[in-house]
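In: quick check, what structure comes out for this input:
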Amino acid sequence: HAVIHAAPPCCVTNTEVTSLSGYHQIGYAVAMSSSPSHPTSQEPRRPDAEPANLGRETHSHHAPRGHKPRDHKASDDKPGDHKVSDDKPSGHTQSHHAHTSVENQLEAALMTVTRGLRRGWAESIAHTGLAPHQARALRVIAAEGRLRPSELAEGLRVTPRSVTEVVDALIERGLVNREPDPTDRRAMVLSLTSSGEELAAEIRACRSAHTESVFGTLSTKDRATLLALLDRLGAHLAGT
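Out: Have a look, this model is predicted:
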């Protein structure tokens, strides 16, 4: 069989095609019809015709396996709209807040009563010229009769140095005696003078009157209930 050598269509002119023999012209025609870049016949495109691939995506995006396409449906929410949660605190939360509030109220009430009692006691003995801590020391000595300065410090819950200053002020007023301890000459004991005993009794009466004016507003039953509750709180704080 004869092999037809057809020249590349792009390199052959119309004049050369005419000069080819009939047999070679047939081979040329076959080569031209099989070339994708040079179709043998094509209708001219209309100016208003749309490209065949118009509207098609030129790049294909492949979603990863298992990925669900996102819904681009327009949201009905308007800019700036923020929904407020209607959730209400649980019953446990409300109970905790209420419990804490009651405890705070109890603490505030006790502190108010304590400060009021102390303020009233100080005002009731103001005419004696003694400070509240001095009057308290006088009452402790009166209750014990005779005691050492270290024991007085323990009763007042202060340091020995602080109690020394208080005792010196009471001795200067002629209300307290400081003498050597008969059982131990190295130690000292404190006792009230006759003036100290009289003033201690007066302070005791003033204190009792003020206390009665405060708790007298409660009934006998209420006072008994309050005393029982305070005793329970005191025992709890003392760890007993």
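
In: identify the residue nearest residue 179 in space, chain neighbours excluded?
Out: Spatially, and ignoring its direct neighbours in sequence, residue 179 is nearest to residue 189 (5.9 Å; CB to CB, 6 or more residues apart in numbering). Where you see a C-beta, it was placed from the backbone N, CA and C, and this is true even at glycine.

In: for the one you found, what are its contacts?
Out: Contacts for residue 189 (CB atoms under 8 Å, 6 or more residues apart in numbering) come out as 146-148, 178-181.

In: show the pLDDT at it.
Out: pLDDT recorded at residue 189 is 94.

In: what's the answer for residue 223, then?
Out: pLDDT at residue 223 comes out at 95.

In: one more: the one 5 residues further on?
Out: As predicted, residue 228 sits at a pLDDT of 96.

In: element containing it, please.
Out: Residue 228 is part of helix 220-238, with elements assigned from DSSP states H and E.

In: run through who's touching that helix.
Out: 215, 218.

In: in what helix or strand does the closest residue to residue 138 other than its chain neighbours lie?
Out: Of all residues not flanking residue 138 in the chain, residue 200 sits nearest, at 5.0 Å (CB to CB, 6+ apart). Following DSSP H and E, one finds residue 200 within helix 194-215.

In: can you map out the helices along this protein?
Out: 14-19, 22-34, 91-124, 132-144, 149-156, 160-172, 194-215, 220-238 (DSSP state H).

In: which of these sits most buried?
Out: Looking across the helices of the chain with neighbours counted as mean count of other CB atoms under 10 Å, the highest average goes to helix 132-144: a mean of 19.

In: now do residue 140 against residue 105, distance only.
Out: Distance, residue 140 to residue 105, by CB to CB, to the nearest Å: 34 Å.

In: actually residue 221, not the one I typed
Out: In this view, residue 221 and residue 105 are 22 Å apart by CB to CB.

In: same deal with residue 179?
Out: 51 Å.

In: hey, which strand is longest across the protein?
Out: strand 184-192 (DSSP state E).

In: where does the prediction get shaky in this protein?
Out: The chain contains residues with pLDDT under 70 at 1-100, 240.
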